[in-house]
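Visitor: What follows is a predicted structure for the sequence shown.
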Amino acid sequence: MNAYEFLNLGQSKKPRRSGLTMMLDKGLGSRSLDDLLNTSADYIDFAKFGWGTSAVINRDLIINKTSRYQAAGIMPYPGGTLLEVSVLKGKVDRFLKESRELGFTTIEVSDGSTEITKEERAKIIKKSREAGFYVISEVGKKNPILDHDLSISERLELIKSDLAYGSNYVLIEAREAGKDIGIYDADGNIIEDELEQLSSLGISKLIFEAPLKKQQAELILKFGSQINLGNIASDEVVSLETLRQGLRGDTIILLH
Amino acid sequence: MNAYEFLNLGQSKKPRRSGLTMMLDKGLGSRSLDDLLNTSADYIDFAKFGWGTSAVINRDLIINKTSRYQAAGIMPYPGGTLLEVSVLKGKVDRFLKESRELGFTTIEVSDGSTEITKEERAKIIKKSREAGFYVISEVGKKNPILDHDLSISERLELIKSDLAYGSNYVLIEAREAGKDIGIYDADGNIIEDELEQLSSLGISKLIFEAPLKKQQAELILKFGSQINLGNIASDEVVSLETLRQGLRGDTIILLH
Amino acid sequence: MNAYEFLNLGQSKKPRRSGLTMMLDKGLGSRSLDDLLNTSADYIDFAKFGWGTSAVINRDLIINKTSRYQAAGIMPYPGGTLLEVSVLKGKVDRFLKESRELGFTTIEVSDGSTEITKEERAKIIKKSREAGFYVISEVGKKNPILDHDLSISERLELIKSDLAYGSNYVLIEAREAGKDIGIYDADGNIIEDELEQLSSLGISKLIFEAPLKKQQAELILKFGSQINLGNIASDEVVSLETLRQGLRGDTIILLH
């Protein structure tokens, strides 16, 4: 039972289909994971092992972590960059096999750091689904110059086709820093016009990467606490939940 | 015994009445608390469970943490925002009862996120003192626009009346980020004139929230290491103590 | 064995003489150290107990930590500022004795926060080497105004003489924040001209402090993954290794 429960704040329960939180795990050790699961397990739906971090960590530790995430009802997955490296090296099948053996349940399909044709992207999404994985695809380029080149209509096109090919959710790229990329300007503020257009198809299948508190608060105020948010730092999950529940100055208006 | 003790750096001992440090706990788990208490217990006087974070954490974990803080001579308390939520919901008595049961020893009385009349504020301060709590009240608004509207004379008035009604200390609001609020400009630099006026009544009963290192260093250089500082991140407590003792470049001049 | 080993990413092994990483430990507790060593031991060569932090921590904890670092093939050392405080107080011999007793294997010789004559600097380097320590000297001033006064030719002179007197490596100062100091401008971007000149003598004996990801990425792209980097935050060591191996968008071009 949570403390101060008489305040009746209305917390959603897992498994849920909205108000999802994808947390960024950039190399947590076992004891940090103890703490994270004790304080925050109810508030995390996906744990992304950021970019290629899983490939520089001992297999046994990865397997230990994925099994503990799974036991806590959290779907662990390797960062999209690692898939892209596997594509570069012509080893996608091996990548899927290893990911399964490591206990990952979800695959992120992205082309943030490399060029991947639409055909190949579709093929990987389908293959991952067929192999039994949950799939999250990502739209956006990690390099700001390339990202600016990607028009809204191209983004919308990609979202639609990804979902058609089998993606369960589509992630809107913002990296770990959340600046000068996707819906955010160089200061990390939301570019309203981009957001409007991007959300024109509905937001239920989108997960917005939103590493900064002001981004989380603004998206919650705009779309409600049921918005799906990603790239949340591991020590910010509790804070994000307070934003969702109106327990922080930025969103207390939700309680009025 | 500390390492390098022959350097004789003059560290203050708890319980103390100046040079206080209020740390911000925004959801530490049990193992992180082990580390914190082992490295930093001597340097922390108050642990604030930031804003409404205590309400999204399991009761047993909160109780475990408050008892360990207390055993280490640290006074734990729930963030002022949670009291404000309780005021909004007309449940202040319940809030005080639950806070006591959870092992909190101190109450923060603020109106950073909501409107609370002066009469109600005074009443809550008195009621909390009568219920046996230590009281820290806070002056400042979390919304920068509202905060700018609060004049220095209003702030001074509030400080005086809070102390008269029974606050043990008055906290000068700066949030977790320390920018564009209270005595800090949008870059987190101190607005000298505001600080001068605010400290005109003396600083012994004030605790300045100072989350950024440059703020901590500047306040220590101006008022000495006995200045009371708050909203210190849990992994910055050791660093702050080095600033107080002149063991970092920014304040080494204290040793001359 | 690391996960995804079939990707064959070419990770260097310790002990190594290039591609060194110096991590900044600013007061890690024992459980955090468990995590750090489990995830990152292979990627850390030196652990600096930042500035004077070792002097505000219990001796037993310091001894426990240095022995665990050593067992993991990591050389622990106290920050240069603590040596400078010892010089100020006329207690260098006592400092070296205590450092050895605490289990530190390396000494950093700096004048970032104080004035130390060239003769004294040379004497301390030699004395430390004779006492059996590994020596890293540091070039740069922590105060930006004083740092700007230090010309490139003075820096080069100091590097050469430090190495001649026995320094094993020379550290290029950037502090914990990495801004407005040494080779970085106020935004933390590299000043290309400064870097060119500073690296004109070769980089194999230099360690560049590079706390920000963009600095790490840029230096790796310019000099290759074998560049020596320092002041890496403890929770960024895994990330840095992905940058070195081309496993993050910023440096994936290394794999092409």
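Guide: Good, I have the coordinates.
Visitor: So is the one helix or strand in chain A whose mean pLDDT sits lowest next to chain C?
Guide: Of the helices and strands making up chain A, the lowest-confidence element is helix A:144-149, at a mean of 92, by mean pLDDT, DSSP states H and E. No - for helix A:144-149, no contact with chain C is found by Cβ under 8 Å from any Cβ of the partner chain; the gap never falls below 10.1 Å. The way it works is simple: take the backbone N, C-alpha and C, and place the C-beta from them, glycine included.
Visitor: Mind listing what's buried along that helix?
Guide: If you call a residue buried by 16 or more other Cβ atoms under 10 Å in any protein chain shown, then helix A:144-149 has these buried ones: A:D147.
Visitor: What's the first helix or strand after that helix?
Guide: Next helix or strand after helix A:144-149 toward the C-terminus (DSSP states H and E): helix A:152-165.
Visitor: For stretch A:95-108, what does the pLDDT average out to?
Guide: When the per-residue pLDDT values of stretch A:95-108 are averaged, the result is 98.
Visitor: Identify all contacting residues around that stretch.
Guide: Around stretch A:95-108, the neighbours that count as contacts under Cβ atoms under 8 Å, 6 or more residues apart in numbering or on different chains are A:46, A:48-49, A:54, A:59, A:62-63, A:66-67, A:70, A:75-80, A:82-83, A:86, A:124, A:127-128, A:131-138, A:171, C:3-4, C:6.
Visitor: Now do the buried residues in it.
Guide: Going by neighbour count (16+ other Cβ under 10 Å), the buried part of stretch A:95-108 is A:95-96, A:98-99, A:102-108.
Visitor: now, which of those sits nearest chain B?
Guide: Checking the buried residues of stretch A:95-108 against chain B with Cβ to the nearest Cβ, the nearest one is A:G103 at 22.4 Å.
Visitor: what about the closest one, which helix or strand?
Guide: Remark: A:G103 resides in no helix or strand, with elements defined by DSSP H and E.
Visitor: Just the CA trace of whichever strand or helix holds A:G230, in PDB.
Guide: According to DSSP H and E, A:G230 maps onto strand A:229-233. Taking only C-alpha atoms (Å, rounded to 0.1, in the frame of the first residue of the first chain), the coordinates of strand A:229-233 have been written out as PDB:
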ATOM      1  CA  LEU A 229       6.400   8.800 -22.500                       C
ATOM      2  CA  GLY A 230       9.900   7.400 -23.100                       C
ATOM      3  CA  ASN A 231      13.600   7.800 -22.400                       C
ATOM      4  CA  ILE A 232      12.800   8.600 -18.800                       C
ATOM      5  CA  ALA A 233      16.000   8.500 -16.700                       C
END
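Visitor: And the next helix or strand past that strand?
Guide: Counting by DSSP H and E, the next helix or strand C-terminal to strand A:229-233 is helix A:237-244.
Visitor: can you list contacts of that following helix?
Guide: Counting by Cβ under 8 Å, 6+ apart, the neighbours of helix A:237-244 from elsewhere in the structure are A:11, A:19, A:21, A:23, A:36, A:39-40, A:43-44, A:213, A:216-217, A:220, A:225, A:229, A:232, A:247-248, A:250-251, B:26-27, B:50-53, B:55-57.
Visitor: Swap in 7 Å and give it another go.
Guide: With contact meaning Cβ atoms under 7 Å, 6 or more residues apart in numbering or on different chains, helix A:237-244 is reached by A:19, A:21, A:23, A:39-40, A:43-44, A:213, A:216-217, A:220, A:225, A:229, A:232, A:248, A:250-251, B:26-27, B:51-53, B:56-57.
Visitor: mean confidence score for that helix?
Guide: The average of the pLDDT scores along helix A:237-244 is 98.
Visitor: Okay, now stretch A:20-29: how far is its last residue from its first?
Guide: End-to-end distance for stretch A:20-29, by Cα to Cα, to the nearest Å: 24 Å.
Visitor: and it, what's its mean pLDDT?
Guide: 98.
Visitor: is it up against chain B anywhere?
Guide: No - for stretch A:20-29, no contact with chain B is found by Cβ under 7 Å from any Cβ of the partner chain; the gap never falls below 10.0 Å.
Visitor: list the buried ones in that stretch?
Guide: Result for stretch A:20-29 [16+ other Cβ under 10 Å]: buried residues A:20-29.
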